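[1] need a structure here:
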Amino acid sequence: MLKPKIDPTKIRAVAFDVYGTLVDIQNDTEMFDVLRAVFGEHGRNLTFEDRDAMMRQPLELRDLPDFLGVQVPTEAIGRLEQQLATEVASIAPFKDATETLSRLRKAGYRVALCSNLSLSYAPPILELFDGLADVFIWSFEVGAVKPEPEIYRKLCEKLGCEAHEVLMVGDSLKSDHAGPRKAGLHGFHLLRSGEPVVPETFRSLTEVADWLTGPQVQQPLQGQRPD
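    Numbers count the residues shown, from 1 in each chain. Model (predicted):
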């Protein structure tokens, strides 16, 4: 771990990205690429702006043709839904995820999960981390995607914390490091392998918990975790 240049005793809450950070899709079928191929066959070339727009709305897969203004046969949508169900069923937590969230909550930190995702990807996360997070911030609920400032503002608002009291951790430099820092939070990059490109880098979720709960840190909320 590269030594973070902030005082851990000033942190009151820790927010985690979800996909690629807390969980892995073991049967990742690259659904957006699949959607692009299918919708492209029917005259609608999806862009990354379309992808973000879809994640700002609580849409089921069957809602997408009307939302995007394209006619797609019911049979094609059915096949897409089957593929999506297979992908969602393969979601599994990284081995250090559950323990890290548990350690942080026991130490008195408020814990949040903050993710850009579509409606179908939220239920398995709620089930996997039930009782381990105080706040869930989904892009489709707040109408904003990382790294847009509004999603971090909503995060802090629901946590009941000032931006400088919140640590954000995730595997995206753009969404979990640069975006939060621009919004006044402490953004840290989770890089499980490879060479770090920013000083604010953790190698594992365990390192996050070790840094915030180690003997050198006097947790400001120890035994006083707010409800």
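[2] what residue ranges in this protein score low on pLDDT?
    For the chain, applying pLDDT under 70 flags the ranges 1-4, 215-227.
[3] let's see 90
    1-9, 29, 214-227 (pLDDT under 90).
[4] That one: strands as residue ranges?
    For the chain, the strands defined by DSSP state E cover 13-16, 23-25, 91-93, 110-115, 135-138, 166-170, 186-190, 201-202.
[5] Please, where are all the helices along the protein?
    For the chain, applying DSSP state H gives helices covering 31-41, 48-55, 64-68, 74-89, 97-106, 123-128, 139-142, 149-159, 179-182, 205-213.
[6] Any buried residues in the second one, and which?
    The reference is to helix 48-55. 50, 54-55 (16 or more other Cβ atoms under 10 Å). Yep, even glycine has a C-beta here, placed from its N, CA and C like the rest.
[7] Make CSV out of these and add distance to residue 210.
    What follows is those, written out as CSV (distance: Cβ to Cβ, whole Å):
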residue, distance to residue 210
50, 41
54, 37
55, 32
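[8] the domain parsing of the chain - what is it?
    8-25+92-213, 31-89 (automatic domain parsing).
[9] mind checking the end-to-end distance for the longest one?
    One end of domain 8-25+92-213 to the other measures 9 Å (Cα to Cα, to the nearest Å).
[10] hang on, the earlier thing: wait, which of the helices of the chain is closest to residue 198?
    The closest of the helices of the chain to residue 198 is helix 179-182. By Cβ to Cβ, the value is 9.6 Å.
[11] That closest one: how far from the chain's middle?
    14 Å (Cα atoms, centre = their mean, to the nearest Å).
[12] got it, and stretch 49-64?
    17 Å.
[13] cool, stretch 205-212 as well?
    Counting by Cα atoms, centre = their mean, stretch 205-212 comes out at 18 Å from the chain centroid.
[14] Wait, residue 94 touches residue 24, no?
    Yes. Look at residue 94 against residue 24 with Cβ atoms under 8 Å: they come within range, at 6.1 Å.
[15] if we can go back for a sec, now render the strands of the chain as CSV, adding distance to residue 76 and mean neighbour count.
    Shown next, in CSV, are those (distance: least, Cβ to Cβ, whole Å; neighbours: other Cβ atoms under 10 Å):
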stretch, distance to residue 76, mean neighbour count
strand 13-16, 35, 26
strand 23-25, 22, 18
strand 91-93, 24, 18
strand 110-115, 27, 25
strand 135-138, 27, 20
strand 166-170, 33, 26
strand 186-190, 36, 24
strand 201-202, 42, 20
